[in-house]
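In: everything below, folded, please.
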Amino acid sequence: MKTIDIICIGEVLIDFIGHEVDASINKTKDYHRFLGGSPTNVAVNASRLGLHAVLVASCGNDGLGDYVIRKLKSNHVNFQHVRKSETTPTSVIFVSKSTETPDFIPYGQADCEIFESQLSDEIIEKAKIFHTTCFALSKEPARSTILKKAFKAKEFGLQLSIDINFSEKIWNDRQEALTVLSEFLSLDPLVKLSDDDCFRLFNEFKSDEYIFDYFHNLGVSTICLTKGKNGVKLSNVNSGILFQEALKLDHIEDVTGAGDAFWSGFLFAILNKMDYDESMFEILTQEIRNKILHANLMTQFIPKFIIKINWTTGIGSITSYKQTINISSICSILSLNC
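Out: Here you go, the predicted structure:
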């Protein structure tokens, strides 16, 4: 019986996000501390939507590690598979607060220490989605663990998923990254990436057509390409290409975490068996709306952005960097600046 909606495996870390808007890191004086890491964000978002989310990750047995566990617990994420290292500290990352793609300086430590013993085949078999990131695949032993468990997940019939959040600051061997990614992509995961991710991954501008063809040729059926203020494109081998414009927004302070929120909603839509057509980008059913409103989301917040939802169309938008409920992660239809 499938009792786990999503397994998120990969980096858990502490985001220190600058307090000054659009200030470079070298000019930022104050930082605020938040739970971070793309798979972690997706697990938290999924849990807030009432899904059973399991996080497989590693942090240090230190004060920041205690903070990680406390935040996961308060967000009702299953943290039984989060390992606390006795020898390596919790990973941290300093991030500028920006209305565009933020700058960051990573200090990777315990996040890559993910071992096979943390995730049994029995747990995998109970899950529906297996999600990871390019970041998580960048270092050993996490890389080998994730690849081995991904093949097992495919064998058990799970839907695989990956956020290709490539950065040369994390993975300085681009060719190695492409090779490792091709192995994971051969399992036909749902793929999410942004224009910025593509530019960093290929080290030059590539057209949307090139990007879709590249990933389809590696065996990927569905690619979701977020394009910031220019909206989002989805390419599926059966449905073709779908496009959704982004909403015109009067004010944005920070978009950190928007891509993770978008993808959380996309996976939520997949679990709710929405089709790959334009209705997936436009409609929120009353059932989903009620699930969100009754999921006790008001008790927690992601201090990243405020979302406004038009419940008639289901369209959402980022309006500010404040403490709020994470309604952004409700559906794949959000036209966000991701």
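
In: doesn't Leu234 lie inside a strand?
Out: Yes: with DSSP: H, G, I helix; E, B strand; the rest coil as the criterion, Leu234 is part of a strand.

In: and the strands in the stretch 1-150 of the chain?
Out: In chain order, the stretch 1-150 of the chain shows strands spanning 4-9, 13-21, 31-36, 53-60, 78-85, 92-97, 104-107, 127-133, with DSSP state E, counting those that start in this stretch as the criterion.

In: would you tell me which one of those is buried the most?
Out: The highest mean neighbour count among the strands of the stretch 1-150 of the chain, using mean count of other Cβ atoms under 10 Å, belongs to strand 53-60: a mean of 28. Yep, even glycine has a C-beta here, placed from its N, CA and C like the rest.

In: partners of it in the sheet?
Out: For strand 53-60, the paired strands and their directions (DSSP bridges) are strand 4-9 (parallel), strand 78-85 (parallel).

In: can you list these in CSV and add distance to His216 and mean pLDDT?
Out: Formatted as CSV, the strands paired with strand 53-60 follow (distance: least, Cβ to Cβ, whole Å; pLDDT from 0 to 100):
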stretch, distance to His216, mean pLDDT
strand 4-9, 24, 98
strand 78-85, 33, 98
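
In: using JSON lines, lay out those together with distance to Gln175.
Out: Listed next are the strands paired with strand 53-60 as JSON lines, based on distance: least, Cβ to Cβ, whole Å:
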{"stretch": "strand 4-9", "distance to Gln175": "24"}
{"stretch": "strand 78-85", "distance to Gln175": "30"}
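
In: which of these sits closest to Ala258?
Out: Ala258 sits nearest to strand 4-9 of all the strands paired with strand 53-60, at 17.4 Å, using Cβ to Cβ.

In: okay, angle between that closest one and strand 127-133 too, please.
Out: 20 degrees (axes from the mean of the first three to the mean of the last three Cα atoms, to 10 degrees).

In: in what helix or strand does the residue most central in space within the chain lie?
Out: Closest residue to the average C-alpha location of the chain: Asp260 at 3.4 Å, with Cα atoms, centre = their mean. For Asp260, the host element (DSSP states H and E) is helix 258-271.
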